[in-house]
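just a sequence and a predicted model for now, questions to come.
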Amino acid sequence: MRVSDDFMQAVVNDETYKTRKVTDGEVCESLRAREVLELAARCAHTCGDPGIQFDTTINEWHTCPNSGRINASNPCSEYMHLDNSACNLASINLLKFLGHDGAFAVEDFLHVVDVLITAQDILIDNSRYPTSKIEKCARDYRQVGLGYANLGALLMSLGLPYDSPEGRQWASAVSALMTGQAYLTSAQLAMSLEPFRGHKRNRVPMLKVVDKHILALEERELSAVPAHLLDLAKQVWTEAIAKGAKSGFRNSQVSVIAPTGTIAFMMDCDTTGIEPDLALVKYKKLAGGGMLKIVNGSVPRGLKTLGYSHDEIERICAYIDQHDNIEGAPHLKQEHLAVFDCAFKPRGGQRSIHYSGHLNMMAAVQPFVSGAISKTVNIPNETAAEEIFNIYVQAWRQGLKAVALYRDGSKRTQPLTTSERTQDKSQFLPKRRRLPDERQAVTHKFSVSGLEGYLTVGLYEDGTPGEIFLLVAKEGSTLSGIMDAFATAVSIALQHGVPLATLVRKFTYMRFEPSGFTTNKEIPLAQSIVDYVFRWLAVRFLSAAERIELGVRVAADQNSNGNSELEYAPQQLDLSGLAATFLNQADAPPCIRCGSSLMVRQAGCYYCLNCGSQGGCG
């Protein structure tokens, strides 16, 4: 869902706004803005969608507005640029730059950014694109998206709560350092090669956006960040704007914060993208079934930073492994609990990061990213729709380009959970509907290939069948016993709610002996006794439309287009010749393919009239 500042201001002021036709821009209708956003909040409360994109903010930070406005994003919402464009992404594992002494390796980080931006730029000319328009735009504007993962684990290892001023200052500084170096590398590439082709027409607005990045860095309170890191961040931005103003930039944008998702597991990350950890212990559902237990490996490091001894750390970690929760762990100080707060409440726990903590972190990082941030604002299951409405408004006021949220448990399945225990599955057992002691019944006499039988159907008060009895052959014979058992099973199915149409679908046109002609004018030919019984039940108790849908056609249907009722006039068939033909071949063997006895002699072999098998000769 994409909204403008005018719409959001109308929401705040409880005013109406006008929708316009896409084709000619004419006003379509007027709606109360607040009601529309409230409806979106209720939908998100139910299923997590829609997310919101703030169109005005997005285009205010657009580096190439003279080439076209930004109308949309990729599905994850971190890449926002021109239509028919592409962006190759890369992410850095931030925790790899944190030394055992707690120092962040700034120079190493800058070097990695320099190498990756160069590599990403090379990939642009060595990639294949789905359409010629996308290929042209990608090579004309050379968008790249460098980002990072494991921010949550970095802050935990530093002993800083995710939802804290100190944690947000670190996130701001690292993001500024990354994007600043990325623009510096891009400017250096432009000096050696050339700027992106669309740079000349967008030189002024692009420098304006870069200036906005630098201004945000100057205005931020970053006292919790090491001075060396902050000084280098300001230095790379100063060099980037100077070289970019002189030679231009090789890339129209350089950074985004992607979700990283499963890639984060490949990089051995405890947390994805800009996210905090969902829980200290998680269970990931595997595509092939089963669960994978994932324990946050940054907890011991964070405890060590906070000053806990080796023995205390082992006891705390053992408690987490046993209880899937750090609350109540031995030796842990109350003031340190916030360091290990996660997106969701753990099993048996009470703590989680408030939604404002997610929004504040995004607001701390957004001014230092070229594109946008793919992040989920995780909220507890008990969160009301009104709070989701407030999240949308707060995200807009904090200058975010987009926001998406997820209420725990609002979808039927989710990839990560905080507990191995699954909820007890509700078992919906069918309830038997018994027939009254005295009930109406219909008895039908039939004959299939000369074998006579009787079908009795017991009826409920509404006239629907509730039981059947089948009497065929002599009492005590094998066929009689099988048919009696079959009728009992069908009766149980009917009384436990199995629709007659389902049984008809399953049992009609089953072929086995005895099969052949019948004395019923509506069903002149049956492929078995079971086939006959269920076709008769369909004729007697199902509508013509249901029969046609099930493929059960009777003789009367052959003379009707389905829209009129015609009186059936059966043809008189002379069966004497057919009977003689098959009597002459009564010694034919059963078909080795389908088991049918409809075998006729053909040359030196037997030919099956049912499936066409040549009896092993052809």
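Perfect, thanks for sending it.

only C-alpha atoms for contact and neighbour calcs from this point on.
Noted.

and for the helix or strand residue 313 falls within, what's in contact with it?
Secondary structure from DSSP states H and E places residue 313 in helix 310-323. Helix 310-323 is contacted by residues 280-281, 295, 299-300, 303-304, 325-326, 329-332, 347-348 when judged by CA atoms under 8 Å, 6 or more residues apart in numbering.

now residue 410: closest residue in space that isn't a chain neighbour?
Distances taken as CA to CA, 6 or more residues apart in numbering put residue 47 closest to residue 410, at 5.3 Å, once the chain neighbours are dropped.

so what's the residue count around that neighbour?
Number of residues near residue 47 (other CA atoms under 10 Å) recorded here: 16.

with residue 132 instead?
11.

from residue 207, how far out is it?
Taking CA to CA, to the nearest Å as the measure, residue 132 falls 29 Å from residue 207.

on that earlier part again, in CSV, could you pull the C-alpha coordinates for the helix holding residue 313?
Provided in CSV are the C-alpha atoms of helix 310-323 (Å, rounded to 0.1, in the frame of the first residue of the first chain):
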residue,chain,number,x,y,z
HIS,A,310,33.3,-18.3,32.7
ASP,A,311,31.4,-20.4,35.3
GLU,A,312,28.5,-17.9,35.4
ILE,A,313,28.3,-17.8,31.6
GLU,A,314,28.1,-21.6,31.4
ARG,A,315,25.3,-21.8,34.0
ILE,A,316,23.3,-19.0,32.3
CYS,A,317,23.7,-20.7,28.9
ALA,A,318,22.7,-24.1,30.3
TYR,A,319,19.6,-22.5,31.7
ILE,A,320,18.7,-21.0,28.3
ASP,A,321,19.2,-24.3,26.6
GLN,A,322,16.9,-26.0,29.0
HIS,A,323,14.2,-23.3,29.3
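
in the protein, where is pLDDT below threshold?
Applying pLDDT under 70 to the chain flags residues 284-290, 411-428, 474-476, 555-618.

could you break it into its assigned domains?
The chain breaks down into these domains under automatic domain parsing: 2-271+354-407, 281-353, 431-562, 586-618.

deepest of those domains, which one?
Ranked by mean neighbour count, the domains of the chain are led by domain 2-271+354-407 with a mean of 19 (mean count of other CA atoms under 10 Å).

what about it, how long is it end to end?
21 Å.

likewise stretch 209-228?
Terminal-residue distance, stretch 209-228 (CA to CA): 25 Å.

from the chain's centre, how far out does it sit?
Here stretch 209-228 is found 38 Å from its chain centre; the criterion is CA atoms, centre = their mean, to the nearest Å.

got the contact list for it?
With contact meaning CA under 8 Å, 6+ apart, stretch 209-228 is reached by 61-63, 166, 169-170, 173, 176, 230, 234, 237, 241, 367-368.

same thing with stretch 518-525?
446-450, 515-517, 526, 532, 535-536, 554-556, 570.

from those, which land in strands?
Residues of the contacts of stretch 518-525 located in strands (DSSP state E): 446, 447, 448, 516, 517, 526.

what strand or helix carries residue 146?
strand 144-149.

one step back: so can I have a markdown table of the ones in strands among the contacts of stretch 518-525 showing distance to residue 184?
What follows is the ones in strands among the contacts of stretch 518-525, written out as a markdown table (distance: CA to CA, whole Å):
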| residue | distance to residue 184 |
| --- | --- |
| 446 | 91 |
| 447 | 92 |
| 448 | 89 |
| 516 | 87 |
| 517 | 89 |
| 526 | 83 |
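
still on that earlier bit, farthest pair in the contacts of stretch 209-228?
63 and 166 (30.3 Å; CA to CA).

could you pull out the strands for the stretch 201-350 of the chain?
Assigned by DSSP state E, counting those that start in this stretch, the stretch 201-350 of the chain shows strands spanning 281-285, 291-295.

quick one, longest helix in the chain?
Secondary structure of the chain per DSSP state H: the longest helix is helix 165-192.

quick one: contacts for residue 34?
Taking CA under 8 Å, 6+ apart, we find residue 34 in contact with 10, 11, 12, 14, 15.

and what of residue 81?
Per CA under 8 Å, 6+ apart, neighbours of residue 81: 62, 69, 70, 71, 72, 73, 371.

does the third one touch residue 80 like I think?
Right, residue 70. Yes. Here residue 70 reaches residue 80: they are 6.6 Å apart, a contact under CA atoms under 8 Å.

on the three-state scheme, residue 153 is what?
Secondary structure, DSSP: H, G, I helix; E, B strand; the rest coil: residue 153 is helix.

residue contacts, it?
By CA under 8 Å, 6+ apart, residue 153 lies in contact with 95, 269, 270, 271, 276, 277, 298.

now, among the residues you listed, which is nearest to residue 36?
Taking CA to CA as the measure, residue 36 lies nearest residue 276 of these, at 30.8 Å.

my guess is the closest one contacts residue 149, does it?
No. The pair residue 276 / residue 149 is not scored as a contact, 10.2 Å apart, by CA under 8 Å.

helices and strands around the longest helix of the chain, which ones?
With contacts taken as 3 or more CA pairs under 8 Å, 6 or more residues apart in numbering; DSSP states H and E, helix 165-192 sits against helix 106-125, helix 151-157, helix 227-247, helix 355-365.

now the longest one against helix 106-125, angle please.
Right, helix 227-247. If you take axes from the mean of the first three to the mean of the last three CA atoms, to 10 degrees, helix 227-247 sits at 30 degrees to helix 106-125.

any idea how far helix 227-247 is from the middle of the chain?
Distance, stretch centre to chain centre, for helix 227-247: 41 Å (CA atoms, centre = their mean).

dihedrals phi and psi, the closest residue to residue 20 other than its chain neighbours?
In space, and not counting its chain neighbours, residue 20 is closest to residue 27: 4.4 Å by CA to CA, 6+ apart. Residue 27 adopts backbone torsions of phi -70, psi 130, taken as degrees, to the nearest 10.

same check, this time on the one 4 residues further on
As for residue 31, its main-chain torsions (degrees, to the nearest 10) stand at phi -130, psi 150.

who touches it in this structure?
Residues counted as contacts of residue 31 (CA under 8 Å, 6+ apart) are 16, 17, 18, 19.

doesn't the third one belong to a strand?
Yes. Assessed by three-state DSSP, residue 18 belongs to a strand.

tell me what it is bridged to.
Counting by DSSP bridges, residue 18 is bridged to residue 30.

how much space is there between it and residue 463?
Per CA to CA, residue 18 is found 57 Å from residue 463.

and the last one, by the same measure?
Residue 19 sits 56 Å away from residue 463 when distances are taken as CA to CA.

my guess is residue 473 contacts residue 448. True?
No. Using CA under 8 Å as the test, residue 473 is too far from residue 448 to be in contact (11.5 Å).
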